[in-house]
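K.L.:
fold the stuff below for me.
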Amino acid sequence: MNQAVTIDRPPLDQAIQTWKKLLAERGLAADLLWVFEENLCFEKAPRAAGGFHAGFQTKFSKATEDALDIAYEHFCETDARIVFYRLGENRHRSVCIMLGDAWFDAKGDKQGYNRHDKWGMSFHPGGRNEIEEVTDLSRWLRRIRRDRPLHEVDFCMALATIDEIKVHGRALAPHERFADQVVGRLRRVFSHAD
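P.N.:
Take a look at the predicted model:
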């Protein structure tokens, strides 16, 4: 008979200290730069390994100071595994993204995930690859948005969801998100009607 595993999530500061220690043990940068969905920039690059180039930007969509706290708290409200995932290094910083989904439950050492099952968390330090910070708006606008080559990032937090949590106290359901967009458009139309 299988009993459910009790998850005891640590405070975010403790999880980050464990993450930094793991990175330092592997000789990776322990200075962290956290990015979100809107910061990712995958581009087609036929000459690159895998046919794509992974980058990020923080210039066009900036995270608020509390974004990481809100994302962690939101993921902690679920039973889904939380993953601290290192995309690469940029200017002696580890570029990291927080992920959350049961899809990661089966991932272990063979896939590069350091598991902390008591916490319901995993850490993926990745390799020593350099990741480019994209500052050209046209490159960012042309980025790959669907069928991205790194499937793991499909489970990251979006800054738009952070905003929903701040405004509504929770992430909106898809139909609520659509209604919110329609209401916003109507407000803009009617504000110019005078």
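K.L.:
buried ones in stretch 87-97?
P.N.:
87, 88, 89, 90, 94, 95, 96, 97 (16 or more other Cβ atoms under 10 Å). (Glycine included, C-beta is placed from N, CA and C.)
K.L.:
in strands, which of those fall?
P.N.:
87, 88, 89, 90, 94, 95, 96, 97 (DSSP state E).
K.L.:
ok, now which ones touch the fourth one?
P.N.:
In other words, residue 90. Residues near residue 90 by Cβ atoms under 8 Å, 6 or more residues apart in numbering: 33, 56, 130, 131, 132, 133.
K.L.:
quick one: the helices in the protein?
P.N.:
Using DSSP state H, the helices assigned to the chain run over residues 12-25, 67-76, 137-141, 159-168, 174-191.
K.L.:
pLDDT weak spots in this structure?
P.N.:
Applying pLDDT under 70 to the chain flags residues 1-5, 46, 49-50, 149, 170, 172-181, 183-184, 192-194.
K.L.:
nearest to residue 106 among the ones in strands among the buried residues of stretch 87-97?
P.N.:
In terms of Cβ to Cβ, no member of those lies closer to residue 106 than residue 97, at 19.6 Å.
K.L.:
residues touching the closest one, list them.
P.N.:
Here residue 97 is in contact with 34, 35, 36, 40, 85, 87, 153, 156 (Cβ under 8 Å, 6+ apart).
K.L.:
rerun at 7 Å
P.N.:
When contacts are counted by Cβ atoms under 7 Å, 6 or more residues apart in numbering, residue 97 is found next to 35, 85, 87, 153, 156.
K.L.:
the spatially closest residue to residue 92 that is not a sequence neighbour: how many residues sit nearby?
P.N.:
Nearest residue to residue 92 in three dimensions, chain neighbours excluded: residue 29, at 5.2 Å (Cβ to Cβ, 6 or more residues apart in numbering). By the criterion of other Cβ atoms under 10 Å, residue 29 has 19 neighbours.
K.L.:
can you pull the phi/psi pair for residue 29?
P.N.:
phi -60, psi 130 (degrees, to the nearest 10).
K.L.:
pretty sure it contacts residue 87?
P.N.:
No - under the criterion of Cβ atoms under 7 Å, residue 29 makes no contact with residue 87, lying 11.9 Å away.
K.L.:
distance of residue 161 relative to residue 68?
P.N.:
Separation of residue 161 from residue 68 (Cβ to Cβ, to the nearest Å): 13 Å.
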